[in-house]
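Asker: here is my input, please return the structure:
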Amino acid sequence: MDIFNPMFNESKKGNNHTIPAKPQQVKKVRKERCDKKKDIRILLKPEIKQLIKKLSYQYNTYPTILTTDILTEALYRIKEFDEVEYPIGSKHLVVAKLDKETFKILQGYCVEWDCSIRKAAHRVFVNSLRKEGHFV
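Answerer: Numbering: from 1, shown residues only. Below you'll find the predicted structure:
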């Protein structure tokens, strides 16, 4: 007599049950946002960091936004940047958030000067402050 549930039926060939393999799941790659920004941490001397804080309070904005604006304006307007001393052991830093186009311009300077993104951003940023007359 056959039982209604096939699990309880005795197999005549024995108990050779194989578990079917699960199909491999394809991992979906998420698309990158078209307006994604790149964060750059710029090392600064303590005096310049204090200047950025003062200017951000003066313009009623955040230091990150001010740094981003100064760096972006400098990359589009100034064509020659003098060499400046890079503070390697400094713990004072500001963050700039650049869009893709501006980041590519900064990368071009990186290749031209044979340095890192941080060093190039520092050089552009300090030269911009000097040309605006905020820092000597």
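Asker: give the buried residues for the strand or helix carrying Lys49.
Answerer: Per DSSP states H and E, Lys49 falls inside helix 46-58. Residues of helix 46-58 classed as buried: 48-49, 52, 55-56 (neighbour count, 16 or more other C-beta atoms under 10 Å). Every residue, glycine included, has its C-beta placed from N, CA and C.
Asker: show me how far it is from its chain's centre.
Answerer: 23 Å (C-alpha atoms, centre = their mean, to the nearest Å).
Asker: and the next element down the chain from it?
Answerer: With DSSP H and E setting the assignment, the helix or strand that follows helix 46-58 is helix 63-77.
Asker: next, the buried residues of the very next helix or strand once past that following helix.
Answerer: Heading C-terminal from helix 63-77, the first helix or strand you meet, by DSSP H and E, is strand 92-98. Using 16+ other C-beta under 10 Å as the test for burial, strand 92-98 gives 94, 96-98.
Asker: about what we covered before: strand 92-98 and the helix holding Lys49, what's the angle between them?
Answerer: Angle, helix 46-58 to strand 92-98, by axes from the mean of the first three to the mean of the last three C-alpha atoms, to 10 degrees: 50 degrees.
Asker: now tell me what touches helix 46-58 from outside.
Answerer: Residues outside helix 46-58 that contact it (C-beta atoms under 8 Å, 6 or more residues apart in numbering): 44, 62-63, 65-67, 90, 92-94, 126, 129, 134-135.
Asker: between which two of the residues you listed is the distance greatest?
Answerer: By the measure C-beta to C-beta, Ile65 and Ser90 form the most distant pair in these, at 21.6 Å.
Asker: give me the element Glu112 is part of.
Answerer: Element membership for Glu112 (DSSP H and E) is helix 100-113.
Asker: swap in Val126?
Answerer: Using DSSP H and E, Val126 sits within helix 117-132.
Asker: pLDDT (mean, whole number) over that helix?
Answerer: Helix 117-132 shows a mean pLDDT of 93.
Asker: switch the buried residues of helix 46-58 over to TSV; also include pLDDT.
Answerer: Shown next, in TSV, are the buried residues of helix 46-58 (pLDDT from 0 to 100):
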residue	pLDDT
Ile48	92
Lys49	93
Ile52	94
Leu55	93
Ser56	94
